[in-house]
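> quick one: sequence plus predicted model below, questions after.
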Amino acid sequence: MSKLHMRRRAILAAAPALVAAPWVARAQTGKPEKSKVVLAVGGKSALYYLSLTIAEKRGYFKEAGLDVEINDFQGGSKSLEALMGGSADVVAGAYEHTIRMQQRGQAIKGFALIGRGMQLAIGLRSDIAPKVKGPADIKGMKFGVTAPGSQTNMLVNFWAAKGGLKPSDIAIIGVGAGASVVAAVENKSVDGVSQADPALTILQEKGEIKIMVDTRTMKGNLDLFGGPMPAACLYAQPALLTKTPNTAQALATAIVRADEWLQTASPADVAKSVPQGYLLGDQKIYEKAFANVRETISPDGTMPAGGPENCLKFLAAGDSKIDPAKIKLADTWTNEFAQRAKKQS
């Protein structure tokens, strides 16, 4: 046995949770074991999930040998329910769900990163914003999120906690993503929103909201979380990764290709690649919104150092049920599939 082989075996033995040795040896060398895959997502039209749409529309899933059926739900918590209920094989959703489900004793694992920055922002209606000097002043207000329990909800909780408020001190209303967000602000059914672009940029351009918390740039993530904040990713129950590793590899490869394409694609080309309805009636604003968030899109699908730790701190600050001492972050993520996809590209 060569020294290199012995070293690799030692590494695998030292970090079984992160590397997940059972499927490493069975890296994708052939066709996916399961070519028809059902993928759940919550709010697919948001830039938060852009890599998923690019992988779909540019044919990356098909080129990887997959027929992917995408079911779009109102928010990330709904797509998580589909996975746990057995109606979906994989989810494009917030990485944080892997931590929250572990706290509940249920294992899910992320394996292809879409966003290395949260890409969300909290905005207050322009007629209300002047009254708010800090998070303590939002007590009793109504916030529009994609769906209760989703990352948009958690961001509001996190901000409220900085003002000494509990989640019960604010009202959370599910308003979906895209055009329904714009409508919720314009008809004043909510006082503020926690959302992704392009809806936020459209509301800003119209003068309808004032941004109070912004994670649409890497600087914003650094200021708020101290570093990268893993956002959208592909995650699944461990069985998908262990029993059908070629299928998991094909999914990761398609997402990594989309991540890489988005690093250099022109905003105009991106706008042409997504369904017309995603532009919300204004292609130029959509292009501007994409240009603003591009740097928060993962360049290669892998989890950045410190990302899981930042996410755990974020969750613990806004949810008293999360006990950091009981969370094994190594069980929530593997970089194996994304790293292999990088080598193939």
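Yes, it's here.
> where does pLDDT dip in the stretch 101-250 of the chain?
Counting by pLDDT under 70, the stretch 101-250 of the chain shows no low-confidence range.
> which residue sits closest to the most centrally placed residue in the chain, ignoring its sequence neighbours?
Closest residue to the average C-alpha location of the chain: residue 232 at 1.4 Å, with C-alpha atoms, centre = their mean. In this structure, residue 232 finds its nearest non-sequential neighbour in residue 114, 3.9 Å apart by C-beta to C-beta, 6 or more residues apart in numbering. All C-beta atoms are positioned from the backbone trio N, CA, C, and that covers glycine.
> and that neighbour, how far is that from residue 255?
6 Å (C-beta to C-beta, to the nearest Å).
> before we move on, what about residue 60?
Taking C-beta to C-beta as the measure, residue 60 falls 8 Å from residue 255.
> of these two, who's got more company?
residue 255 (30 against 22; other C-beta atoms under 10 Å).
> wait, that one sits on residue 50?
No. Contact between residue 255 and residue 50 fails when scored by C-beta atoms under 8 Å: they sit 10.8 Å apart.
> show me the common contact partners of those two, please.
Common contacts of residue 255 and residue 50 (C-beta atoms under 8 Å, 6 or more residues apart in numbering): residue 114.
> wait, what's in contact with the residue nearest to residue 232?
Contacts of residue 114 (C-beta under 8 Å, 6+ apart): 48-52, 92, 231-234, 255, 259, 297-298, 301.
> which of those fall in strands?
92, 232-234 (DSSP state E).
> pull the most distant pair out of those residues.
Spatial extent of the ones in strands among the contacts of residue 114 (C-beta to C-beta) is set by the pair 232 and 234 at 8.6 Å.
> common neighbours of those two, please.
With C-beta under 8 Å, 6+ apart, residue 232 and residue 234 have common neighbours 92, 114.
> state the distance from residue 130 to residue 110.
Residue 130 is 40 Å from residue 110, by C-beta to C-beta.
> between those two, tell me which one has more neighbours.
Counted by other C-beta under 10 Å, residue 130 and residue 110 do not tie: residue 110 has more neighbours, with 28 against 9.
> SS state for that one?
Here residue 110 is strand, with the state taken from DSSP: H, G, I helix; E, B strand; the rest coil.
> map the structural domains onto the sequence of this structure.
Taking automatic domain parsing as the reference, the chain has its domains at 3-117+229-344, 120-214.
> and those domains: which comes nearest residue 220?
Here domain 120-214 is closest among these (C-beta to C-beta), at 4.6 Å.
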